[in-house]
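> sequence and predicted structure are below.
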Amino acid sequence: MLVIILVAIIVSVQANFAFAQTTAVSIPKGTSSPGCETKSSCFIPSNIKVSAGSKVTWKNDDTTSHTATSVDASAVPSGVFDSSILMPGKTFSFTFKNAGSYSYICMLHPWMKGTVEVTGTTTSSDSSKPATPKDSDKDGIPDTKDKCPKEAETKNGYQDDDGCPDKKPAGTTPSTSQKPTPGKDADKDGIPDEKDKCPNAAETKNGYKDDDGCPDKKP
């Protein structure tokens, strides 16, 4: 009898532990159309609390595809977790090893929002820390903000924040992402970059607009 009681207690403890470590989230039918956000029912439950080391499993119970993608405060993918395209009936699981608050959305239907609050002691694994943003062309601009993720930005003082290779038109000023260095004269035309409208193209000394720093032809 004592053995039976001990076995029953062990089974009960294991069952409770398993329940505490796994949380299911449903993506219900109809969430592909706006409206569920008014009732916080785009993900059910939309806000959950789990302990560090717990696994959360999302199941797509809708008839169309969705994602469960972690985002930062600006709704930009943070790299912590991403289900990719989750077809109807499919599931996606992620184990939260670090304490913190994790917001997520459906990238296909951005009004769908949810939050996972992770409490407790952070585990030794770093798998739930935000990953370094991917930069395919190594130009310093992450792919999520790079309009040309496969081609490196041309650092020439012109549209240096769009991530695309380009040629600066004559007469343009440096972009705000690449401010001129005081006293520097990149094109060696005698006009410092901070006053030079074309800091990478030398002024044509021809008596016509010789103070703007741009190559030109006298009318």
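Nice, I can see it.
> only C-alpha atoms for contact and neighbour calcs from this point on.
OK.
> quick check: domain ranges of this structure?
Following automatic domain parsing, one gets these domains for the chain: 2-119, 132-167, 180-219.
> any chance of a markdown table for these, columns mean neighbour count?
A markdown table is the format used below for these (neighbours: other Cα atoms under 10 Å):
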| stretch | mean neighbour count |
| --- | --- |
| domain 2-119 | 17 |
| domain 132-167 | 17 |
| domain 180-219 | 17 |
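> phi, psi for residue 36 please.
Taking degrees, to the nearest 10, you get phi -70, psi -30 for the backbone angles of residue 36.
> show me the contacts for it.
By Cα atoms under 8 Å, 6 or more residues apart in numbering, the contact list for residue 36 reads 42, 112.
> next: the one 4 residues further on.
Residue 40 is in contact with 46, 113, counting by Cα under 8 Å, 6+ apart.
> again, 10 Å this time
Residue 40 makes contact with 46-47, 112-114 under the criterion Cα atoms under 10 Å, 6 or more residues apart in numbering.
> before we move on, the earlier item: if I average pLDDT within each of the domains of the chain, which one is lowest?
Lowest mean pLDDT within the domains of the chain: domain 180-219, a mean of 80.
> and it, how far from the chain's centre?
Relative to its parent chain, domain 180-219 has a centroid offset of 40 Å by Cα atoms, centre = their mean, to the nearest Å.
> just stretch 52-63 next, same as before
Its chain's average C-alpha position is 21 Å from that of stretch 52-63, according to Cα atoms, centre = their mean.
> with only the CA atoms kept, save it in PDB.
Presented in PDB, the C-alpha positions along stretch 52-63 are these (Å, rounded to 0.1, in the frame of the first residue of the first chain):
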ATOM      1  CA  ALA A  52      12.200  30.200 -17.200                       C
ATOM      2  CA  GLY A  53      12.800  26.900 -19.000                       C
ATOM      3  CA  SER A  54       9.100  26.500 -20.000                       C
ATOM      4  CA  LYS A  55       8.000  25.600 -23.500                       C
ATOM      5  CA  VAL A  56       5.200  27.400 -25.300                       C
ATOM      6  CA  THR A  57       3.500  25.700 -28.300                       C
ATOM      7  CA  TRP A  58       1.400  27.700 -30.800                       C
ATOM      8  CA  LYS A  59      -1.200  25.800 -32.800                       C
ATOM      9  CA  ASN A  60      -2.800  27.300 -35.900                       C
ATOM     10  CA  ASP A  61      -6.500  26.500 -35.500                       C
ATOM     11  CA  ASP A  62      -7.500  28.900 -38.300                       C
ATOM     12  CA  THR A  63      -8.100  28.100 -41.900                       C
END
